[in-house]
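K.L.:
All I have is the shape, not the residue letters:
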């Protein structure tokens, strides 16, 4: 059965692909607003893993709303959640029998509740799967160490294609790079460079 | 890494074993109070799948308490949850690096909250994994159809080794077979007879 997996090139979505690989025909799908070409980083990670890859166009108006939210909130949580929800809706409208993402049990954001999952499935007649949602942080880290080759560093220096990159770019355009540093907490990002 | 999976011989725990098989050295573990020898049904299913198998002794006092609860409630939900929690605690005390069960996203019972999962992990220094918790009912059914050979029928006629069998036996001993029919709703059970 064909499955489209929301893919950033990071360790979580790459591990999700590996977990599903024996059971589905997995296509890695990187969502983009067309603001930057950061999706190409995900394509490079995808190429290193051998999975099929495609992009998914998101509505630029959703990016504008998300950055409004970012600027109001002063932190990225709700904005990221808004964009993830939009991306899942768009992916569910594509021609996959099942869709998936890399959300983990211990993630605060993005998160997809059981009710949201069932609503997505019912409205789009698609299975929604969160293969990492039954794994805690340490279990994920151990599987990543065992199965993925990864480079990691601060968000600024690691090329990847989560929604953050495009929201950062839009925020920088509106309010300057200083606003980006104030709004997004420093955190370690990862980019997958292949399987072990 | 070695992982102990709570195993009933039914489709959910068998599918959980398959999902984990590429990433862990999986042992199927069937919990028993020693009230009946229904655990042998799980051993037969385990043998048909080729995974390692062992039993795990539960505290008979917990079965007595669970049947007290059954008799007070008139329905099995809380009693089953009590027993599952006990079984996970006992399993976490064994010498596995990771433990798992077959709970699904859409299960009402047994269920393990994120807080319970983290508590189990922290107290026992073990990873707790619920590989089906990111899958809805239809996705599980499709994977079962594709990968498992299953026989199904009403609970009474299908040999398996979930906690229900022993709680039913204990309740019948205390209050007669009529009480069992009144307390446990009729529902379809499955027993796995191999892989496809």
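P.N.:
Arrived safely. Just so we're clear, the structure is a prediction, and the values are computed from it rather than from any experiment.
K.L.:
Contacts only, for residue A:47.
P.N.:
By CB atoms under 8 Å, 6 or more residues apart in numbering or on different chains, residue A:47 lies in contact with residue A:53. For glycine as for every other residue, the C-beta is placed from the backbone atoms N, C-alpha and C.
K.L.:
Quick check: it is in a helix.
P.N.:
Yes. Counting by DSSP: H, G, I helix; E, B strand; the rest coil, residue A:47 is found in a helix.
K.L.:
What separation is there between it and chain B?
P.N.:
Separation of residue A:47 from chain B (CB to the nearest CB, to the nearest Å): 22 Å.
K.L.:
Output the set of residues of chain A in proximity to chain B.
P.N.:
For chain A, the residues in contact with chain B (CB under 8 Å from any CB of the partner chain) are A:1, A:18-19, A:22-23, A:98, A:105-106, A:114, A:117-118, A:121, A:127-136, A:138-139, A:142-143, A:146-147.
K.L.:
Next, check these against the strands and list the overlap.
P.N.:
Among these, DSSP state E puts A:98, A:127-129 in strands.
K.L.:
among those residues, which two are most distant?
P.N.:
The largest separation in those, counting by CB to CB, is between A:98 and A:128 at 7.5 Å.
K.L.:
in the top helix by length along chain A, what counts as buried?
P.N.:
When chain A is parsed with DSSP state H, its longest helix is helix A:77-92. The neighbour-count check on helix A:77-92 (16 or more other CB atoms under 10 Å in any protein chain shown) flags A:79-84, A:86-88, A:90-92 as buried.
K.L.:
quick one: low-confidence parts of chain A?
P.N.:
Applying pLDDT under 70 to chain A flags residues A:155-156, A:159-161.
K.L.:
Which residue ranges of it form helices?
P.N.:
For chain A, the helices defined by DSSP H cover A:11-20, A:39-49, A:60-73, A:77-92, A:114-124, A:137-147, A:163-175, A:177-183.
K.L.:
Turn those into TSV, columns for distance to residue A:31.
P.N.:
Listed next are those as TSV, based on distance: least, CB to CB, whole Å:
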stretch	distance to residue A:31
helix A:11-20	11
helix A:39-49	8
helix A:60-73	10
helix A:77-92	4
helix A:114-124	15
helix A:137-147	22
helix A:163-175	7
helix A:177-183	20
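K.L.:
looking at these, which is buried most?
P.N.:
Mean neighbours per residue, mean count of other CB atoms under 10 Å in any protein chain shown, is largest over these for helix A:11-20, with a mean of 25.
K.L.:
how far off helix B:11-20 does that one point, in degrees?
P.N.:
When axes from the mean of the first three to the mean of the last three CA atoms, to 10 degrees is applied, the directions of helix A:11-20 and helix B:11-20 differ by 120 degrees.
K.L.:
Name the residues that touch helix A:11-20?
P.N.:
Here helix A:11-20 has contacts from A:3, A:5-7, A:26, A:28, A:45, A:49, A:51, A:100-104, A:129, A:131-132, A:140, A:143-144, A:147-148, A:150, A:190, A:192, A:195, B:19, B:22-23, using CB under 8 Å, 6+ apart.
K.L.:
Stretch A:116-123 too?
P.N.:
A:85, A:88-89, A:92, A:99, A:112, A:126-128, A:130, B:105-106, B:136, B:138.
K.L.:
how about TSV for the residues you listed, with distance to residue A:70 added?
P.N.:
Formatted as TSV, those follow (distance: CB to CB, whole Å):
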residue	distance to residue A:70
A:85	15
A:88	20
A:89	20
A:92	25
A:99	26
A:112	21
A:126	29
A:127	32
A:128	26
A:130	25
B:105	30
B:106	34
B:136	32
B:138	36
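K.L.:
Identify, from these, the entry nearest to residue B:71.
P.N.:
Closest approach to residue B:71 among the contacts of stretch A:116-123 (CB to CB): residue B:106, at 27.9 Å.
K.L.:
shouldn't the closest one be in contact with residue B:139?
P.N.:
No. With contact defined as CB atoms under 8 Å, residue B:106 does not reach residue B:139; the gap is 9.8 Å.
K.L.:
Roughly how far does residue A:77 sit from residue A:151?
P.N.:
For residue A:77, the distance to residue A:151 (CB to CB, to the nearest Å) stands at 26 Å.
K.L.:
same question, residue A:184
P.N.:
To residue A:151, residue A:184 is 20 Å away according to CB to CB.
K.L.:
Can you pick out the residue with more neighbours from these two?
P.N.:
Comparing residue A:184 with residue A:151 by other CB atoms under 10 Å in any protein chain shown, the one with more neighbours is residue A:184, at 18 against 13.
K.L.:
What count of nearby residues applies to the residue nearest to the more buried one when sequence neighbours are not counted?
P.N.:
Nearest non-adjacent residue to residue A:184, counting by CB to CB, 6 or more residues apart in numbering or on different chains: residue A:76, 5.6 Å away. For residue A:76, the neighbour count with other CB under 10 Å is 22.
K.L.:
can you pull the contacts of residue A:76?
P.N.:
Residue A:76 makes contact with A:70, A:164, A:167, A:183-184, according to CB under 8 Å, 6+ apart.
K.L.:
10 Å instead?
P.N.:
Each residue near residue A:76 by CB atoms under 10 Å, 6 or more residues apart in numbering or on different chains is listed here: A:66-67, A:69-70, A:83, A:109, A:163-164, A:167-168, A:171, A:183-185.
K.L.:
Specify which member of those residues is nearest to residue B:32.
P.N.:
Set against residue B:32, the nearest of these by CB to CB is residue A:109 (41.6 Å).
K.L.:
Please tell me how far the closest one sits from residue A:183.
P.N.:
Separation of residue A:109 from residue A:183 (CB to CB) stands at 14 Å.
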